[in-house]
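> give me the fold of what follows.
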Amino acid sequence: MSFVESIRKVLSNYANFDGRATRSEFWWFALFYVLLQLAGGVLDVTLFPESPFGPIGMLLTLALLLPYLAVSARRLHDVDRTGWWLLISFVPVIGAIVLVVFCVQRGTPGPNRFGAPPSAKSADGTLAL
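Numbers count the residues shown, from 1 in each chain. The predicted model follows:
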């Protein structure tokens, strides 16, 4: 799955917590999220230098938080874990490490309790990871 395909798929499933997401879908969207946050931070510092918190960054966070949580839950579903594992992120350091380990794992082959595996090929015919 390409960068643009991933963003399109995640945003079209804006608040869909059902199903499974491939590693490439999750990680491309995570990169998109980080890049937008960096751009928003630069714009906030440039346009609102006196503001203690940036309005552009806050709007981006509000707009993308739900799709980011949804794709994260679907990614956990792909490794046969429930989306409730996202709550471990509240445990400092250890929670982030556990979630990264889960998100880099290869998805379970074949159907699992969360449904059929995501499609193995993207629209351009390349293998999705």
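
> chain center to the one helix or strand L38 maps to, what's the gap?
Per DSSP states H and E: L38 is located in helix 23-47. Helix 23-47 has its C-alpha centroid displaced from the chain centroid by 11 Å (Cα atoms, centre = their mean, to the nearest Å).

> same deal with stretch 75-91?
Distance, centroid of stretch 75-91 to centroid of chain: 12 Å (Cα atoms, centre = their mean).

> what's the burial count for I94?
I94 has 10 neighbouring residues, counting by other Cβ atoms under 10 Å. Backbone N, C-alpha and C define where each C-beta goes, glycine included.

> what sits closest to it if chain neighbours are left out?
Of all residues not flanking I94 in the chain, I88 sits nearest, at 7.7 Å (Cβ to Cβ, 6 or more residues apart in numbering).

> before we move on, the earlier item: the helix holding L38: what's the following helix or strand?
Downstream of helix 23-47, the next assigned helix or strand under DSSP H and E is helix 55-78.

> neighbouring contacts of that next one?
Residues from elsewhere that reach helix 55-78 (Cβ atoms under 8 Å, 6 or more residues apart in numbering): 10-11, 13-23, 25-26, 29-30, 33, 36-37, 40-41, 43-44, 47-48, 82-83, 85-86, 99, 102-103, 107-108, 112, 114-115, 117-118.

> now the buried members of the residues you listed.
With neighbours counted by 16 or more other Cβ atoms under 10 Å, the contacts of helix 55-78 contain buried members at 10, 13, 17, 19-23, 25-26, 29-30, 33, 36, 40, 44, 83, 85-86, 99, 102-103, 107-108, 112, 114, 117-118.
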